[in-house]
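Asker: Make a model of this:
(one chain, ligands or ions: 1)
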Amino acid sequence: MSTPPLSEDARATALPPLMETGWQPVPGRDAIRKIWRFKGFSEAWGFMSRAALAAERLNHHPEWFNAFNIVDVTLTTHDCGGLSDLDVKLANRMDKLAGAAAVEHDHTSRTACLCETRPGQG
Ligand SMILES: C[C@H](O)[C@H](O)[C@H]1CNC2=NC(N)=NC(=O)C2=N1
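Answerer: Numbers count the residues shown, from 1 in each chain. Purely as a prediction, here's the structure:
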């Protein structure tokens, strides 16, 4: 059974709170993206490990990138070619798992914040 797209009503109620926590729309895609900066690699990897188990439980998986302490996550539902309720569920679960990790709001370059993390790099 394929997953239905998020309804207009659901978008109006579910997406604004996610935008408040730092999720952003992805230009040109019906998807949402968030970039976290963790204390270090082991914290980032620990988040990804827990988030991976949550994704498996939902049978809904992120598109994500990790470099050192940066985890860059995009959520969309391939089965319906856009956002579905599963993306909302996984986004909320990831927010809980990420805890107090810093959120990077500049999505223009995913590694810019990486350079900021290690003085003298870049
Ligand atoms: C066969 C399997 O259930 C499907 O491919 C699932 C797996 N994980 C998925 N993850 C995401 N993000 N979108 C999907 O459509 C999707 N489909």
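Asker: and the residue nearest to the spatial centre of the chain, how far is that from Ala98?
Answerer: By Cα atoms, centre = their mean, the chain has its centre lying nearest to Val73, at 3.4 Å. Separation of Val73 from Ala98 (Cβ to Cβ, to the nearest Å) stands at 9 Å. Glycine gets a C-beta too; all of them are placed from N, C-alpha and C.
Asker: Identify the contacts common to the two.
Answerer: Trp36 (Cβ atoms under 8 Å, 6 or more residues apart in numbering).
Asker: one step back: am I right that the residue nearest to the centre of the chain falls within a strand?
Answerer: Yes - assessed by DSSP: H, G, I helix; E, B strand; the rest coil, Val73 belongs to a strand.
Asker: Quickly list what it is bridged to.
Answerer: For Val73, the beta-bridge partners under DSSP bridges are Lys34, Trp64.
Asker: measure it to the ligand for me?
Answerer: As judged by Cβ to the nearest ligand atom, to the nearest Å, Val73 and the ligand stand 11 Å apart.
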